[in-house]
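> Have a look; sequence and predicted model below, questions after that.
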Amino acid sequence: MSENNPYQGRAERFISVLRHCQVLGITVKEASDKALTLELPYSEQHVGNPMSGVIHGGVITTLMDTACGTMVINALPEFELCPTLDLRVDYVRAAEPHKPIYALAEAYRVSRNVVFTRCTVHQGDTNEPVANCVATFMRIGSHMTPPDFQKIVVGDDTYPEQGEK
């Protein structure tokens, strides 16, 4: 799928170089310039309470921050790293044990200096969220992004806007 979808390819390459994503087993399910879905498989290593089998809130927060940050990459006209400025989380309910968790993120506003995102974590139904968040990311410009890192993430893909010029 990523061969025909540059947004999917960029998201997959970005996730693949983040060590915490490797450790947690986070993968990209879908990606576009409008939305992104990441999957976190259930693992006993993610459990915060061994008695209940419920995934630790810190793992869910990491998933949301990663989903929003990855969405930023696909929402911008050209690749640039954008550090998290603020992340506000609402935990709605405990995730059901032994089921994967999905994070659906979107960038709802891109300004000159800040990208505004939101994310819903669910287990198959976005109408029954496990958690929600809003997050902002600071734009630092593509010139501040290390070229080697940019090459890994962008690969041979061109953004549609760049290819049309």
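Nice, I can see it.

> how much space between the residue nearest in space to the middle of the chain and residue 44?
In the chain, the residue lying closest to the centroid (CA atoms, centre = their mean) is residue 67, at 1.5 Å. From residue 67 across to residue 44, the span is 23 Å (CB to CB, to the nearest Å). Bear in mind the C-beta positions are built from the backbone N, C-alpha and C, glycine included.

> Show me the shaky parts of this structure.
1-3, 156-165 (pLDDT under 70).

> From the centre of it, point out the most distant residue.
Max distance from the centre of the chain (CA atoms, centre = their mean): residue 51, 29.3 Å.

> ok but that one is inside a strand, no?
No: secondary structure of residue 51 (DSSP: H, G, I helix; E, B strand; the rest coil): coil, not part of a strand.

> and it, how far is that from residue 21?
Residue 51 is 28 Å from residue 21, by CB to CB.

> what do you get for residue 73?
With CB to CB as the criterion, residue 73 and residue 21 are 13 Å apart.

> who has more neighbours, the two?
More crowded of residue 73 and residue 21, by other CB atoms under 10 Å: residue 73, with 23 against 20.

> ok, the more buried one touching residue 11?
Yes: counting by CB atoms under 8 Å, residue 73 does reach residue 11; the two are 6.9 Å apart.

> residue ranges for the helices of this protein, please.
6-17, 19-24, 57-75, 147-154, 160-164 (DSSP state H).

> Could you list the residues in contact with the fourth one?
Same thing as helix 147-154. 10, 13, 14, 17, 73, 79, 81, 142 (CB atoms under 8 Å, 6 or more residues apart in numbering).

> Now with 10 Å, please.
6, 9-17, 70, 73, 78-81, 142, 145-146, 162 (CB atoms under 10 Å, 6 or more residues apart in numbering).

> So for it, what gets flagged as buried?
153, 154 (16 or more other CB atoms under 10 Å).

> residue contacts, residue 70?
Shown in contact with residue 70 (CB under 10 Å, 6+ apart): 7, 10-12, 14-15, 18, 21, 26, 28, 31, 36, 38, 103, 105, 117, 153.

> Taking the residues you listed, please make a PyMOL selection of just the buried ones.
To isolate the buried subset of these in PyMOL, counting by 16+ other CB under 10 Å, use the following:
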select buried, resi 7+10+11+12+14+15+21+26+28+31+36+38+103+105+117+153
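
> now the residue nearest to the centre of the chain: how far from residue 148?
Where residue 148 is concerned, residue 67 sits at a distance of 24 Å (CB to CB).
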